[in-house]
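# next comes the sequence, and after it the predicted model I'd like to discuss.
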Amino acid sequence: NSVFLGSAANSTVAVIVTSNIVNIPWTATVSSSATWLTVSPGSTTGNQTITFTATNANTDIANPRIAYVIIHATGIADQTIIVTQSQEIPAFTFTSQTSNGSLSINLQFNLAGTFYIDWGNGTQTVQTASTNNITYSTATFHQGDEVKVYGSGITYISLSNKSITALDVHNSSNLISLDCSYNSINSLDVSQNTQLNNMQVGYNNLNKLDISKNTSLLTLSCISNKLTSLDVSNPPLTKLYCSQNNMTFTSLPQRKSSYTAYYYAPQAKIPASITNNKVDLSSQLYSNNINGVKQTTTYKWYPKASGTALVSGTDYTESNGVFTFLTSQSDSLYCSMMNTAFPDFINPNTLRTVNLKVTIRIPTVVTNAISNISGTTATGNGNITDLGIPNPTQHGVVWSTLPGPTIALSTLTTQGAISATGTFTSAIT
């Protein structure tokens, strides 16, 4: 037997008092210490509606205040109604960058009554709370103002597509459903909203989301944010929508047997870089499947504008997810990755890297003057100033009596691979 009033003066709430005895007279008496509360009517008969009114505001910014109303009828045990007036702390606030003019929100409460909205001008306007989904609006909103909603028992908040940059709902402890999708929210604390069972936070700028305290949460949509990981170990989720974030094989939550819907593909392109013709994607080499069994990732490299994959062993080599490129490519490349632990990453929604430009570093050698010349022999002299990537597999000199000799000639020395820069000599015979 509890009712709740807003923090402002003249907050009201109505309840129906019923009796199994027809037309029995009864009285409603407010506890003597609660001078801020009135009840009307104070006495009547049979089934009647009584109204509780807070005659002044609760100016305590930290604590609600409580009154006790005793319903007394002769021959029947007294009944106590606990009346709580909320403290001067808003149930939730948000800042919107929507254009000057109209702004609306949708709310639902667990009890009918009154609550208050400050649309950003510092004035609390009286509103009627409903157990139905109701739209509340203003025509005089100013861009960038903070809206404050005062009241108890809010179970549903819908703020979708309101150009919101900041949202604070931690005082809405009765909240069951929250929709703040399609905004520009950077952070969101839902640790106090333990009754949440439906949360729609997609298409924002969230880079983390802690739902460890939301032990009633059944449906979560966090599509198109910037999440790099998501811990879903505590909530009893049945539906999870987390695609278009920054998660990978190693950070995505694995499907639970309780899921009736799980959408995780695609994800944002994985950052990658090329250093000394090497790309390290070893962090994505393994991922555990739903049974905890380690699965190995399959990698394929493609030109940005072509569907023809590069050839392993010809264009690049691979060692445990680290790639060394052997040939320059005229177009940028990306790596497409698939792992049976997450089977929905299939074309065109594979997990892939950003585009990378691959230019092989060519070895540089300086030809020095021939020395030790005799009638049939000489010494060739060279200086390798840059090994390039990868290291050369062969080095030496080639000679001819004609200008421009090439390694297609048989008149050459083959002195094998080399792993350090510097001068070398070759015997010409």
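Yes, it's here. Numbering: from 1, shown residues only.
# state the distance from the closest residue to Val322 other than its chain neighbours to Asn320.
Once flanking residues are discounted, Val322 sits nearest to Asp280: 5.1 Å by CB to CB, 6 or more residues apart in numbering. No exception for glycine: its C-beta is placed from N, CA and C like everyone else's. Going from Asp280 to Asn320 by CB to CB, to the nearest Å gives 10 Å.
# so for these two, which sits in the more crowded spot?
Counted by other CB atoms under 10 Å, Asp280 and Asn320 do not tie: Asp280 has more neighbours, with 13 against 10.
# who's in contact with the more buried one?
By CB atoms under 8 Å, 6 or more residues apart in numbering, the contact list for Asp280 reads 272, 321-323.
# which residue is nearest the centroid of the protein?
The chain has Leu227 as the residue nearest its centroid, 3.5 Å off, counting by CA atoms, centre = their mean.
# my read is that it contacts Asn205, right?
No - the pair Leu227 and Asn205 fails to qualify as a contact (CB atoms under 8 Å) at a distance of 10.3 Å.
# quick revisit: neighbour-wise, which of the contacts of Asp280 leads?
For these, the largest neighbour count, defined by other CB under 10 Å, is 25 neighbours, found at Phe323.
# what helix or strand is that residue on?
For Phe323, the host element (DSSP states H and E) is strand 322-325.
# so which elements touch that strand?
If contacts are counted by 3 or more CB pairs under 8 Å, 6 or more residues apart in numbering; DSSP states H and E, strand 322-325 sits against strand 278-280, strand 316-319.
# buried ones in the longest one?
Put plainly, it is strand 316-319. Within strand 316-319, the residues scored as buried using 16 or more other CB atoms under 10 Å are Tyr316.
# what about the strands in the stretch 101-250 of the chain?
Assigned by DSSP state E, counting those that start in this stretch, the strands in the stretch 101-250 of the chain fall at 101-109, 113-118, 124-129, 134-141, 146-150, 154-158, 164-168, 177-179, 198-200, 219-221, 239-241.
# which one of the ones you listed lies closest to Ser287?
Nearest to Ser287, of all the strands of the stretch 101-250 of the chain, is strand 239-241, at 17.1 Å by CB to CB.
# helices or strands next to the closest one in the packing?
Here strand 239-241 touches strand 219-221, strand 261-263, going by 3+ CB pairs under 8 Å, 6+ apart.
# show residues contacting the first one.
Strand 219-221 has contacts (CB under 8 Å, 6+ apart) with 181, 197-202, 211, 232, 235, 237-242.
# filter these down to the buried ones and hand me the ChimeraX line.
Typed into ChimeraX, the line below selects the buried ones among the contacts of strand 219-221, using 16+ other CB under 10 Å:
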select :181,197,198,199,200,201,202,211,232,235,237,238,239,240,241,242
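# residues touching the residue nearest to the centre of the chain, list them.
Counting by CB under 8 Å, 6+ apart, Leu227 touches 206-209, 242, 245-247.
# next, count neighbours for Ile185.
Counted with other CB under 10 Å, residues neighbouring Ile185 total 20.
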